[in-house]
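In: what would the 3D arrangement of this be:
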Amino acid sequence: MPRSVPVVPAVPAVLLALALTLTACDGGVHGTPGGSGVRDPYFPKAGNGGYDVGHYDLKLVYDPARGHRLTGTATITARATQDLTAFDLDLKGLEVDGVTVEGRGARWNRAGQELTVRPHDDLRDHETFRVTVRYSGTPQTLTDPDGSHEGWLRTADGALALGEPVGSMAWFPGNHHPSDKASYDIAITVPKGLQAISNGELRGESSSKGRTTFRWHSAEPMASYLATVAVGRYDISRSTIGTDRLPAYVAVDPDRAKASRTVLAQLPEIIEWEEHTFGPYPFSSTGVIVDRPQDAEYALETQTRPVFPGAPDTATLVHELAHQWYGDSVTPRTWRDMWLNEGFATYAEWLWAEDHGGDSAQQTFDALYDHGEDDHPHLWSFPPAKPSSAAHISDDPVYVRGAMVLHKIRQKVGDAAFRTLIQGWAAAHRHGNADTADFTAYVEKQAPDADFGTIWEEWLYGEGKPENR
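Out: Below you'll find the predicted structure:
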């Protein structure tokens, strides 16, 4: 909480919501507070109801040598989807120093990860509004249900921000659920000599009084869990890829530069192969961030610029870049739909191997079906479309069995139709959201003469190991 007392004293969220509802009944006001979550099946507190965000403008100042303190101003442009007397933003930790809505001071309250904002004037359905939050403090590293870490990760020379599934609320306030995507401007000011890398395109870099500001712009919609900031010392390379001269921005920790050189040289080939396989690249730039293994526990498909903990191998680079189509452009509607991210990206690894002298996808499928439990003991523990809990949305059934579902579809429709189908899926939901029901309906529409009942019932939703027929 701030050192000064907020206009609205801190009270439990339930009492605050009740008070605001009662206020809404007075003076002819008919609005209600927006929801404090979107009832995601695995992360019910994530996201907020009553509005859609169109744009985030984040201005951040970070100095790892001075207590790892982060100072931020987040200006969020959103549209109300109902009459609103109040709305929530997700923000974990950090101190709120002030909030305005449309330039006027707003009352606010903190309760857990919820920052509840009461505008000076009520908001009407479809009204576009701008909320500005000034905040500061030491951002937290969060522990996920599966024990992994996300949020703001301290590194030897800076920090790395990773947000899947809810870690972005550790460094900026927002509507932190994949169903609400937005464009971004992120400006990061750091001590001179450090770099700050984020998503999209670098629009400017300027230094003054011992500090450097890097200004990044992402025009295409992005879910907040795909936003990233990497602060530290990096070897930077810039190039273009293909006849369309797609800008590529690659940042590698100097300790990992030599080990990364050979695989990162494949970036143009992989992007061009994935365009041939999945359709046009969905964003206006690409690239990679390579940090040290101790800086993160996993690779992540942060939009336009995947993050790797150390030098990636080719399969992992193929996987994270495939997510630019499946996961980043076509984003899951809820966290239950993770297999639409991970099944596609895993199958991309199989297709790459098939096209580059390795095992065919059929050989990979057969080996997994016959002996998959040797390396993936929980492969058949739950179906891909129904993870058993939030702690298991990144487990083998989501990745490997999800890829097996796609191979069963390929077997059913044939290679040519399958290629058309996966390209069409990426095109149909480009820069949008989709769930498993959308996918099954799409497949059935594209192949109306095929019967997918067994695939859906046994491979996608069925418990246990299906019969391979």
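In: any idea how far stretch 329-336 is from the chain center?
Out: In terms of CA atoms, centre = their mean, to the nearest Å, the centre of stretch 329-336 is found 9 Å from the chain centre.
In: do stretch 193-204 as well
Out: Its chain's C-alpha centre and that of stretch 193-204 lie 18 Å apart, by CA atoms, centre = their mean.
In: buried residues in that stretch?
Out: Across stretch 193-204, burial judged by 16 or more other CB atoms under 10 Å covers Leu194, Gln195, Ala196, Ile197, Ser198, Asn199, Gly200, Glu201, Leu202. Using the backbone N, CA and C atoms, a C-beta is placed for each residue, glycine as well.
In: closest one to Tyr326 out of the residues you listed, please.
Out: Using CB to CB, Asn199 comes nearest to Tyr326 of the buried residues of stretch 193-204, at 17.4 Å.
In: quick check: the closest one touching Gln303?
Out: Yes. Contact criterion CB atoms under 8 Å: Asn199 and Gln303 qualify, at 5.0 Å.
In: between these two, what contacts are shared?
Out: Contact criterion CB atoms under 8 Å, 6 or more residues apart in numbering; residues shared by Asn199 and Gln303: Ser218, Met222, Leu226, Ala227.
In: now, the residues you listed that are in strands?
Out: Ser218, Met222 (DSSP state E).
In: buried members of the shared contacts of Asn199 and Gln303 into PyMOL, please.
Out: To isolate the buried subset of those in PyMOL, counting by 16+ other CB under 10 Å, use the following:
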select buried, resi 218+222+226+227
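In: now the two most distant members of the shared contacts of Asn199 and Gln303.
Out: Using CB to CB, the shared contacts of Asn199 and Gln303 span at most 9.2 Å, a distance reached by Ser218 and Leu226.
In: circling back to that earlier point, want to try CSV for the shared contacts of Asn199 and Gln303, with pLDDT and distance to Val252 as columns?
Out: Converted to CSV, the shared contacts of Asn199 and Gln303 look like this (pLDDT from 0 to 100; distance: CB to CB, whole Å):
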residue, pLDDT, distance to Val252
Ser218, 98, 21
Met222, 98, 23
Leu226, 98, 20
Ala227, 98, 20
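In: tell me the one of the shared contacts of Asn199 and Gln303 nearest Tyr51?
Out: Nearest to Tyr51 among the shared contacts of Asn199 and Gln303, with distances taken as CB to CB, is Met222, at 17.3 Å.
In: CA atoms only for stretch 92-110, dumped as PDB, please.
Out: Only the C-alpha atoms of stretch 92-110 are listed here, as PDB (Å, rounded to 0.1, in the frame of the first residue of the first chain):
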ATOM      1  CA  LYS A  92       0.200  -8.700  -7.500                       C
ATOM      2  CA  GLY A  93       2.400  -6.900  -5.000                       C
ATOM      3  CA  LEU A  94       3.900  -3.500  -5.800                       C
ATOM      4  CA  GLU A  95       2.500  -0.300  -4.300                       C
ATOM      5  CA  VAL A  96      -0.100   1.800  -6.000                       C
ATOM      6  CA  ASP A  97       0.800   5.500  -5.900                       C
ATOM      7  CA  GLY A  98      -2.200   6.900  -7.700                       C
ATOM      8  CA  VAL A  99      -5.000   6.100 -10.200                       C
ATOM      9  CA  THR A 100      -6.900   8.300 -12.600                       C
ATOM     10  CA  VAL A 101      -9.700   7.500 -15.100                       C
ATOM     11  CA  GLU A 102     -10.100   9.900 -18.000                       C
ATOM     12  CA  GLY A 103      -7.700  12.300 -16.200                       C
ATOM     13  CA  ARG A 104      -9.700  12.600 -13.000                       C
ATOM     14  CA  GLY A 105      -8.600  11.100  -9.700                       C
ATOM     15  CA  ALA A 106     -10.300   7.800  -8.900                       C
ATOM     16  CA  ARG A 107     -10.800   5.900  -5.700                       C
ATOM     17  CA  TRP A 108      -9.200   2.600  -5.400                       C
ATOM     18  CA  ASN A 109      -8.800  -0.400  -3.100                       C
ATOM     19  CA  ARG A 110      -6.400  -3.400  -2.900                       C
END
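In: what about the chain, any weak spots by pLDDT?
Out: Residue ranges of the chain with pLDDT under 70: 1-29.
In: which stretches of it form helices?
Out: 13-24, 257-264, 267-278, 314-322, 339-355, 361-375, 396, 402-413, 415-428, 436-446, 453-454 (DSSP state H).
In: quick one: closest of those to Ala170.
Out: Proximity to Ala170 (CB to CB) singles out helix 13-24 among these, at 19.3 Å.
In: quick one: residues contacting the closest residue to Ser218 other than its chain neighbours.
Out: Nearest non-adjacent residue to Ser218, counting by CB to CB, 6 or more residues apart in numbering: Gly200, 3.4 Å away. Each residue near Gly200 by CB under 8 Å, 6+ apart is listed here: Tyr184, Trp216, His217, Ser218, Ala219, Phe283, Ser284, Ser285, Gln303, Thr304.
In: can you map out the strands along the stretch 101-250 of the chain?
Out: In the stretch 101-250 of the chain, the strands defined using DSSP state E, counting those that start in this stretch lie at 104-105, 107-111, 114-118, 128-137, 141-143, 149-154, 159-162, 182-191, 195-198, 201-208, 211-222, 229-232, 235-241, 246-252.
In: how far does the fifth one sit from its chain's centre?
Out: Using CA atoms, centre = their mean, the mean C-alpha position of strand 141-143 is found 16 Å from that of the whole chain.
In: for the fourth one, same thing?
Out: The chain centroid and the centroid of strand 128-137 are separated by 21 Å, computed with CA atoms, centre = their mean.
In: who touches both of Ser218 and Leu226?
Out: Shared contacts of Ser218 and Leu226, counting by CB under 8 Å, 6+ apart, come down to Asn199, Gln303.
In: hmm, back to that, could I get the strands of the stretch 101-250 of the chain in a markdown table, plus columns for distance to Thr440?
Out: Shown next, in a markdown table, are these (distance: least, CB to CB, whole Å):
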| stretch | distance to Thr440 |
| --- | --- |
| strand 104-105 | 47 |
| strand 107-111 | 39 |
| strand 114-118 | 35 |
| strand 128-137 | 35 |
| strand 141-143 | 33 |
| strand 149-154 | 30 |
| strand 159-162 | 31 |
| strand 182-191 | 28 |
| strand 195-198 | 36 |
| strand 201-208 | 36 |
| strand 211-222 | 24 |
| strand 229-232 | 37 |
| strand 235-241 | 34 |
| strand 246-252 | 32 |
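In: out of those strands, nearest to Asn175?
Out: strand 182-191 (8.1 Å).
In: contacts for that closest one?
Out: Taking CB under 8 Å, 6+ apart as the rule, strand 182-191 contacts 53-65, 158, 196, 198-200, 203, 210-222, 224, 227, 229, 231.
In: separation between Ser183 and Thr143?
Out: 30 Å (CB to CB, to the nearest Å).
In: when the two are compared, which one has more neighbours?
Out: Shown here are Ser183 and Thr143; by other CB atoms under 10 Å, Ser183 has more neighbours (17 against 12).
In: which strand residues bridge the more buried one?
Out: For Ser183, the beta-bridge partners under DSSP bridges are His55.
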